[in-house]
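Give the three-dimensional model of this entry:
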Amino acid sequence: GAVKLPLFDYGSTGAIGFYQLKFKDVLAYRDLQTEVFHAFREIGNAVICFDMLEMALKTEEVTELTMAMPYQGVAPVHSKDDSEEKRREVAERLGAHRFAPVILQFGTPTQKKLAQQADILTKERLCRGLGMFEAALGRIKNIVRDNDEGQVWFGPAPVNGIVDID
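The predicted structure is shown next:
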């Protein structure tokens, strides 16, 4: 059956004791601790590892994009005080760094193709962050939500959209 929330007066220690008493039989089940909790630990560690890899990749990507900005004709903005004239002047100076138009005009067909692909890729990365972690979490969510074997989560949706409170 359903387990109601303990009274607020119990405090943290009382609430933990309340749930330990209610779930004594479940917690005593040997395979729960050796198999299920271990599987949850492995999944959690994989998610954390994936998140850390994503953070490292994003740091590297920000560095690469910062270095690529002059070659894309993007002038860095240092402060809100920069005047429009100053920004235009910096953009004109950065125009000499744009290699893609020169390669497209004077390069071999292979160089032109590579320059065009690199230019498009860098512009895409500048426009939007391509995050693996968000995509992976979205995929996990879809797998859990659209499970072919039937409903993964049992019971009606909570009234408040978050959790049922008795």
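
In the protein, which helix is the longest?
Longest helix in the chain by number of residues (criterion: DSSP state H): helix 37-68.

Next secondary structure after the lowest-mean-pLDDT helix or strand in the chain?
Of all helical and strand segments in the chain, the minimum by mean pLDDT, DSSP states H and E falls on helix 84-94, at a mean of 74. Remark: after helix 84-94, the chain's next helix or strand is helix 100-106, criterion DSSP states H and E.

Can you spell out which helices and strands pack onto the helix or strand following that next one?
Scanning forward in sequence from helix 100-106 by DSSP H and E, the next helix or strand is helix 109-127. The contact analysis (3 or more CB pairs under 8 Å, 6 or more residues apart in numbering; DSSP states H and E) places helix 109-127 against helix 37-68, helix 100-106. For glycine as for every other residue, the C-beta is placed from the backbone atoms N, C-alpha and C.

Which one of these lies nearest to Lys113?
Lys113 lies closest to helix 100-106 among the helices and strands packed on helix 109-127, at 9.8 Å (CB to CB).

Only the buried residues of the closest one, if you could.
100, 103 (16 or more other CB atoms under 10 Å).

Let me see the mean pLDDT of it.
Averaged across helix 100-106, pLDDT comes to 81.

Check stretch 10-20 too.
The average of the pLDDT scores along stretch 10-20 is 90.

How many residues are close by the closest residue to Gly131 other than its chain neighbours?
Leaving aside its sequence neighbours, Gly131 sits nearest to Glu54 (CB to CB, 6 or more residues apart in numbering; 6.3 Å). A count of nearby residues for Glu54, using other CB atoms under 10 Å, gives 16.

Please apply the same query to Asp119.
19.

distance of it from Leu137?
Asp119 sits 31 Å away from Leu137, going by CB to CB, to the nearest Å.
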